[in-house]
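>>> everything below, folded, please.
(4 chains, ligands or ions: 2)
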Amino acid sequence: MVGTNTAFDSAVIRRDFPLLAKEIDGKPLVYLDSANTSQKPNIVIDTMAKFMRESYAPINRSAYTLAANATELFENARNAVAKFINSNNSREIIFTKNATEALNLIVNSWGRANLQRGDVVLLTHMEHHANIVPWQMLQQERGIELRWVPLTSDFQLDLSSLESLLTGVKVFSFTSMSNVLGTINPVEKLCAAAHAAGALAIVDACQSVPHAPTDVQAWGADFAMFSSHKMCGPSGLGVLWGREEILQAMPPYLGGGNMISEVRLDGFTCAELPAKFEAGTPAIAEVVGLGAAVEYLSSVGMANIRQHEIATSSYVLEMLTSRFGDDITIHGPRNPELRGATFSFAFRGIHPHDLSQVLDQSNVCVRAGHHCAKPLMKIIGANATARASFYLYNTTADADALADALDSASDIF
Amino acid sequence: MVGTNTAFDSAVIRRDFPLLAKEIDGKPLVYLDSANTSQKPNIVIDTMAKFMRESYAPINRSAYTLAANATELFENARNAVAKFINSNNSREIIFTKNATEALNLIVNSWGRANLQRGDVVLLTHMEHHANIVPWQMLQQERGIELRWVPLTSDFQLDLSSLESLLTGVKVFSFTSMSNVLGTINPVEKLCAAAHAAGALAIVDACQSVPHAPTDVQAWGADFAMFSSHKMCGPSGLGVLWGREEILQAMPPYLGGGNMISEVRLDGFTCAELPAKFEAGTPAIAEVVGLGAAVEYLSSVGMANIRQHEIATSSYVLEMLTSRFGDDITIHGPRNPELRGATFSFAFRGIHPHDLSQVLDQSNVCVRAGHHCAKPLMKIIGANATARASFYLYNTTADADALADALDSASDIF
Amino acid sequence: MPGIEDLYREIILDHYRTPRNRGELPPPAVSCEGNNPLCGDDICIYLDVADGVVRDVKFSGQGCSISQSSTSMMTVAVKGKTVAEVQAFVRRFKHMMTLTEGDDEVDQSINLGDIEALQGVVKFPVRIKCATLGWNTLLEALKETQN
Amino acid sequence: MPGIEDLYREIILDHYRTPRNRGELPPPAVSCEGNNPLCGDDICIYLDVADGVVRDVKFSGQGCSISQSSTSMMTVAVKGKTVAEVQAFVRRFKHMMTLTEGDDEVDQSINLGDIEALQGVVKFPVRIKCATLGWNTLLEALKETQN
Ligand SMILES: Cc1ncc(COP(=O)(O)O)c(C=O)c1O
Ligand SMILES: Cc1ncc(COP(=O)(O)O)c(C=O)c1O
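Ligands and ions are numbered 1, 2, ... in the order given. All right, here's what the predicted structure looks like:
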């Protein structure tokens, strides 16, 4: 149940994650790279292993009991995902290999069918490559125009000219939360603005679905996508959600088994949703594992997780500033309510790569680099940043360990 | 080592597969649907669980030790797969979500870049939908022409007019083994014929890689693809192998993170192989699991598996014919050397769906339907067949159980 | 595991062995094809509707015992009914197969007769598509008569 | 875990803090850009080759201590060498970084001098790309001088 568990304690939750119990050279692991990919709780690992040991079978295709049961477990997981984001029905849930594929699916199917030379797609300066490159590929093929919502100096989307930017736009595709800055965008407002301009609203929800309650209907979005591996679920799986009537009208994406109704030498017809967009054998055990992840997150309570991350953000921002003052530059909003617990920063001029290497000596895992957002990096004037991202299992002790390790980095450089 | 283990005993191997130990209502599970998807040995399930418990981390992106180690495990698995099929190097191994995606990748990237209206693609009448529908989609888009190699009356490819069929052909794409008939095709000969005609040779190797030694270089193929889930590996993962210089020259397929070298607001450049074709976060734990599967299969010995399946085919063909005579019709070659241990059949006029349902009462799992090969079904004059497919863990006792269950089916209909 | 006898009731096997209303109807009867993408079965329904009443209905195609017998029983049941009656009848049947979500629109008083024998199919979810194939195709055909 | 001191030797930090040959060369010197897609680092190598000899070499760009110091040391080492000598030298370096597969072509007698300090990078595989970025870019630049 979302939000009913009030006894939220990240130190207790941490015990559900076997890898976080790991000690290296006697020190605990301080995993601060969950914006990249999250660790997996026992329940997900065990559900997958148990499924492969006891219930593995083809789905959709075979009639025997083992296969019928596997199909049921698979579809139950789809239903759980649909409920988790408040989708209207589970036909709107399409399983892909990752969120990147989901974006490519939209561009290749909906985009190719609906966008012509000169049509405008609006993106933002804070997009992940997954929400840039597929559109650039369509641009090369079709000559569509890409337009960009810029940033304000406090790392928000600059919405002052949104209305004029949206003029003549066919699609507005934007992230619900920046994976670099931590900025949370006003999704409902952006969807409404898109629709007012006659544009489709696509929400790259990779960074918000794992961290806060999601209601795609309340958002008023047309499409949204996210990755299993960032939300305690298995790798090799992503989710595309789309409004049924739009998915219905779209041409197929990949061709092959499962997505067809009829195949003859001279042509084929498509299956119904969601099979239409799920060609070939799907990620059977992974979907079942994602079902367990969604149940796990729901039992913890997504509202609790969001509260925990607001508290974490407050702590991290205050602590780092009080310990390091001007020696640390955090590229992102200061208000914990307006951001997730993902912090990109520069520290005493030490190159992020070197920083992450030195932090690693204290088992502090942070990512260094461009975070798949090179245009944004250029805009914030950095070639690379270090990024510490917190999740439900991270405690204030993790934040302190980060700061201690930063201190030790100065000794070397 | 391939082929060194001479003490091959499927009854012993069976114990490596936890699900096959399962008894339902006191009867063992007779799993005869491995052409659809295979069961998983303990080593694969345990490797994945252990990886998620102890080593899970992002790959390619982060510099800390945990991530570096995960990257190494991931790339070791890629190397193992490369070696397993005798690829020239591991840059030629592209991970996809399944074999279907691999075929779509070729059609969307190579096909769109190289095929124009009127260009001819040669397929065969025994292809899986995965090797038909993507080409039909390109046909709709581009007006390419599809041509088909027909069958002989004994379920082989009719190669009598191959040379003329190949005239003017740009691509010849064919299965190494039919998933319906069991027919094994002369891959080397077909690749050579394709090349002699100036055509590319694409081998759908889904049904042979799990069952026999594979040497893509000896084949002389340009592309081959197969699925992890059919070869004791995890679901959610496929492999595309392609000759490096062809992959090099191909435009990108999906856009996003990992596949880029540079991204600016006005465009992007691609990464090197294999990253170029692996956009987004890959199936990390699944690739590691496939590495374990490949090691497992190699330790059993692919040549041993092939020998076992020839022996199984001999047994099944003789036993079924002697027990049921004309009451059973097997759609496939009679010579065990020319086929895999996959048998599609009709039995006493009982509809396959009903048959599989009744067999299920004896825990005998066979698939009923069109097996994602509707054009072939029409050609062999069946709407559907029942299909029993054997693998390394199936014993003659499984074959006997099938026959006993068939007997009981007659009591009902 | 549910017993096979729940599935293959005698009345079902009887309609399978001796299908009623098998055949075709020439135009102006409408005809409509349906298929089950999972198993490859196909069915064609021929429907003759005049003055809002189903005058005649026939079917052709190939399929398993469940799809064939279900369609056969369906043709017997709907012949002579008004279009509205047929629609309510199909809703009642699909509700038995637990396919209609809300049951507000289902008239529980409708007696399915022999067709109740198909209730056992519900225990074998993969076969529900077989049982409903002919019925869904009938709905399509009904729509065409209204064009 | 290998110790951080294997990575950050004093000579490396020295070249990082005080890079040699930083700057640009005007045409006709060729210039060539390289980047490390993993971390976003980029480097530009300026190369002046005349009569088969590297007359001058400079570099610009941003990067971590390893890529910057490695490039700095490389520029010092190659200046004045013939093109063939440079190529052999780069092969020798990449072999130390365990990147050249066969070692037939590697002249083991070449003395890398200070650059040996980078050997510790091998224990940190993710950083090998940092250490070789400047060197690979140099090879590209050399190719351009030959066009
Ligand atoms: C905002 C955002 N969008 C898209 C992606 C791509 O997700 P994936 O790599 O799972 O395809 C990510 C994660 O890397 C992300 O943070
Ligand atoms: C011959 C053949 N090709 C392609 C495929 C498609 O494989 P996948 O479903 O794993 O994409 C299959 C298996 O279903 C097959 O048997």
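
>>> wait, does stretch A:48-63 contact chain B?
Yes. Counting by C-beta under 8 Å from any C-beta of the partner chain, chain B has neighbours in stretch A:48-63: A:M48, A:A49, A:M52, A:R53, A:E54, A:S55, A:Y56, A:A57, A:P58, A:R61, A:S62, A:A63. (Glycine included, C-beta is placed from N, CA and C.)

>>> quote the end-to-end distance of that stretch.
22 Å (C-alpha to C-alpha, to the nearest Å).

>>> residue ranges with poor pLDDT in chain C?
In the predicted model, chain C carries pLDDT under 70 at residues C:1-2, C:99-104.

>>> residues from it in reach of chain A?
C:M1, C:N35, C:P37, C:L38, C:C39, C:F124, C:P125, C:V126, C:R127.

>>> and the end-to-end length of stretch A:382-394?
27 Å.

>>> and it, how far out from the chain middle?
Centroid separation between stretch A:382-394 and its chain, computed with C-alpha atoms, centre = their mean, to the nearest Å, is 14 Å.

>>> can you say which of the residues of chain C next to chain A are buried?
C:N35, C:P37, C:L38, C:C39, C:F124, C:P125, C:V126, C:R127 (16 or more other C-beta atoms under 10 Å in any protein chain shown).

>>> wait, isn't the second one in contact with A:I260?
It refers to C:P37. Yes. C:P37 lies in contact with A:I260 (C-beta atoms under 8 Å); the separation is 6.6 Å.

>>> so what sits against both of these two?
Counting by C-beta atoms under 8 Å, 6 or more residues apart in numbering or on different chains, the common neighbours of C:P37 and A:I260 are A:A271.

>>> on that earlier part again, mind checking which of the buried ones among the residues of chain C next to chain A are in strands?
With strands defined by DSSP state E, the entries of those inside them are C:N35.

>>> now the buried ones among the residues of chain C next to chain A in JSON lines, with distance to A:Y391?
Compiled in JSON lines, those are given as follows (distance: C-beta to C-beta, whole Å):
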{"residue": "C:N35", "distance to A:Y391": "47"}
{"residue": "C:P37", "distance to A:Y391": "41"}
{"residue": "C:L38", "distance to A:Y391": "40"}
{"residue": "C:C39", "distance to A:Y391": "45"}
{"residue": "C:F124", "distance to A:Y391": "43"}
{"residue": "C:P125", "distance to A:Y391": "37"}
{"residue": "C:V126", "distance to A:Y391": "39"}
{"residue": "C:R127", "distance to A:Y391": "44"}
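
>>> secondary structure class for the residue nearest to A:V209 when sequence neighbours are not counted?
Leaving aside its chain neighbours, A:V209 sits nearest to A:F226 (4.0 Å; criterion: C-beta to C-beta, 6 or more residues apart in numbering or on different chains). Judged by DSSP: H, G, I helix; E, B strand; the rest coil, the three-state class of A:F226 is strand.

>>> number of nearby residues for A:F226?
Look at A:F226: counted by other C-beta atoms under 10 Å in any protein chain shown, it has 28 neighbours.

>>> pretty sure it contacts A:V216?
No. Taking C-beta under 8 Å as the definition, A:F226 is not a contact partner of A:V216, at 10.4 Å.

>>> which residues of chain A lie near ligand 1?
Contact residues (C-beta under 6 Å from any ligand atom) of chain A with ligand 1: A:98-100, A:128, A:130, A:175, A:179, A:204, A:206-207, A:227, A:238, A:372.

>>> in strands only, show me those.
A:T175, A:D204, A:S227, A:G238.

>>> residues contacting the third one?
Each residue near A:S227 by C-beta under 8 Å, 6+ apart is listed here: A:N98, A:A99, A:C206, A:L237, A:G238, A:V239, B:G280, B:T281.

>>> do that again at 6 Å, thanks
Residues near A:S227 by C-beta atoms under 6 Å, 6 or more residues apart in numbering or on different chains: A:N98, A:A99, A:C206, A:G238.
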